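Chemist: Have a look at this fold, sequence not included:
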């Protein structure tokens, strides 16, 4: 429940933000979102038994990590 409240607060803060602050908040929240996807996909890679699901999970890890790095670079440029 606390996590849900935190998410709602983040969305409210993003909704209220403008300009560079909105971009920063969006990127920070998307990085956390992508990191969560990587964590879930890693569980499948580590313990999955279906080769197709494991391959898909690895593809998620690879693409999400690239996107995380891109978002971090954009954050540094703000």
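Modeler: That came through fine. All values derive from a computational prediction rather than experimental measurement.

Chemist: contacts and neighbour counts: CA atoms only from here.
Modeler: Fine.

Chemist: biggest helix in the chain, by residue count?
Modeler: Looking across the chain with DSSP state H, the single longest helix is helix 19-47.

Chemist: pLDDT averaged over that one - what is it?
Modeler: Helix 19-47 shows an average pLDDT of 92 in the prediction.

Chemist: Nearest residue to the residue nearest the centre of the chain in space, please, no chain neighbours.
Modeler: Nearest residue to the geometric centre of the chain (Cα atoms, centre = their mean): residue 34, 1.8 Å. Closest residue to residue 34 apart from its sequence neighbours, by Cα to Cα, 6 or more residues apart in numbering: residue 64 at 5.9 Å.

Chemist: what about that neighbour, neighbour count?
Modeler: Look at residue 64: counted by other Cα atoms under 10 Å, it has 19 neighbours.

Chemist: quick one: it and residue 38 touch, right?
Modeler: Yes. Shown here, residue 64 and residue 38 form a contact pair, counting by Cα atoms under 8 Å, at 6.7 Å.

Chemist: which residues does the nearest residue to residue 38 once chain neighbours are set aside contact?
Modeler: Nearest-residue entry for residue 38: residue 61, 5.0 Å, with adjacent residues in sequence omitted and distances by Cα to Cα, 6+ apart. Shown in contact with residue 61 (Cα atoms under 8 Å, 6 or more residues apart in numbering): 37-38, 41-42.

Chemist: let's see it at 10 Å
Modeler: By Cα atoms under 10 Å, 6 or more residues apart in numbering, the contact list for residue 61 reads 34-35, 37-42, 45, 55, 67.

Chemist: Remind me which helix or strand the residue nearest to residue 34 belongs to.
Modeler: Using DSSP states H and E, the element containing residue 64 is helix 51-77.

Chemist: in that helix, what's buried?
Modeler: Buried positions in helix 51-77, judged by neighbour count with 16 or more other Cα atoms under 10 Å: 54, 57-58, 60-61, 64-65, 68, 71, 75.

Chemist: Ok, stretch 34-54 next?
Modeler: Buried residues in stretch 34-54 (16+ other Cα under 10 Å): 34-35, 37-38, 41-42, 44-45, 54.
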